[in-house]
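In: Next one to model:
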Amino acid sequence: MWHCLIVEDDEVNARYVAEGLRDSGHEATVCTDAAAGLGLAMGRHWDVIILDRMLPDGVDGLSILEAMRSAGRKTPVIVLSALAALDERVRGLKAGGDDYLAKPFALPELAARIEALVRRTRAGADPTRLAIGDLHVDLLNHRVERGGRTIALQPREFRLLAYMMANPRQVLTRTMLLEAVWDYRFDPQTNVIDVQISRLRQKVDSGARVPLIHTVRGIGYLLAEDAAVAIEASATAAAADARQAPR
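Out: Here you go, the predicted model:
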């Protein structure tokens, strides 16, 4: 269970996010005021803070973020804003944001980003060896093995697999993969991800008794030993996406 603080002055949008998190078994506290939001952010422990930028009285949420970082607060922060231009995203990340998601957004996308962020924070230092089932990745030597068989990957394929291995059993949206593996902060409107996943799947899952790379229809991909995890993720994502996010 995560303890989440939502600093958002749009009550409809805040309720949408809070209800989605609560439906998933997490605790969500909503604050619509900048000063109160800063007090809560500094005064309590949170697993993640979801921070809007355009707050009442002309306050930019980044001022809250900068105050937190100046005080040494390392709480993970996802900036959620209608300010979607590239330079605004860069501002948000440079101010200390751990992630930046533009409005309008889909709840499964936000939930996936939160889960990845919380997982990384709780895991601490990145391990140099990753494993799921009989698939093993050596990050230092760029070596991949499955069932004792060495798998040769191109640099981009290795980076893609390493990211998926670092976030196992979790839905990874196409946007997340574009940002993490291709360093894109926008959707290039190409099928580059699907092509790379197809190639990676051929190398990793070909001849294996249990497939590890699964498609979550309409959302993205997931690395898991159990296909039931992927089926459940698809169903959950579809149900959440059925509720349209406020604009």
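
In: dump the residue contacts of Leu140.
Out: The contact partners of Leu140, taken as C-beta atoms under 8 Å, 6 or more residues apart in numbering, are Thr128. C-beta here means a position set from N, CA and C on the backbone, and glycine is covered the same way.

In: per-domain residue ranges of the chain.
Out: Domains of the chain are assigned by automatic domain parsing as 3-103, 129-242.

In: Quick one, which of those domains gets closest to Thr121.
Out: Minimum separation from Thr121 across these (C-beta to C-beta) falls at domain 3-103, 5.2 Å.

In: The closest one: end-to-end distance?
Out: 22 Å (C-alpha to C-alpha, to the nearest Å).

In: How about stretch 16-36?
Out: From its first residue to its last, stretch 16-36 covers 20 Å (C-alpha to C-alpha).

In: Which positions within it qualify as buried?
Out: Going by neighbour count (16 or more other C-beta atoms under 10 Å), the buried part of stretch 16-36 is 16-18, 20-21, 24, 26, 28, 30-32, 34.

In: so which of those residues would you say is closest to Asp47?
Out: Nearest to Asp47, judged by C-beta to C-beta, of these is His26 at 8.3 Å.

In: Next, count neighbours for the nearest residue to the closest one once chain neighbours are set aside.
Out: Nearest residue to His26, sequence neighbours excluded (C-beta to C-beta, 6 or more residues apart in numbering): Trp2, at 4.4 Å. If you count neighbours by other C-beta atoms under 10 Å, Trp2 ends up with 18.

In: How about the one 3 residues further on?
Out: Under the neighbour criterion other C-beta under 10 Å, Leu5 is assigned a count of 23.

In: go on, the one 4 residues further on?
Out: By other C-beta under 10 Å, 19 other residues sit near Asp9.

In: Contacts only, for it.
Out: 32-33, 52, 54-56.

In: residue boundaries of the helices in the chain?
Out: Using DSSP state H, the helices of the chain run over residues 11-23, 34-43, 61-70, 86-94, 107-123, 155-166, 174-181, 192-205, 227-242.

In: Gly220 is nearest to which of the ones you listed?
Out: Closest of the helices of the chain to Gly220 is helix 174-181, at 5.1 Å (criterion: C-beta to C-beta).
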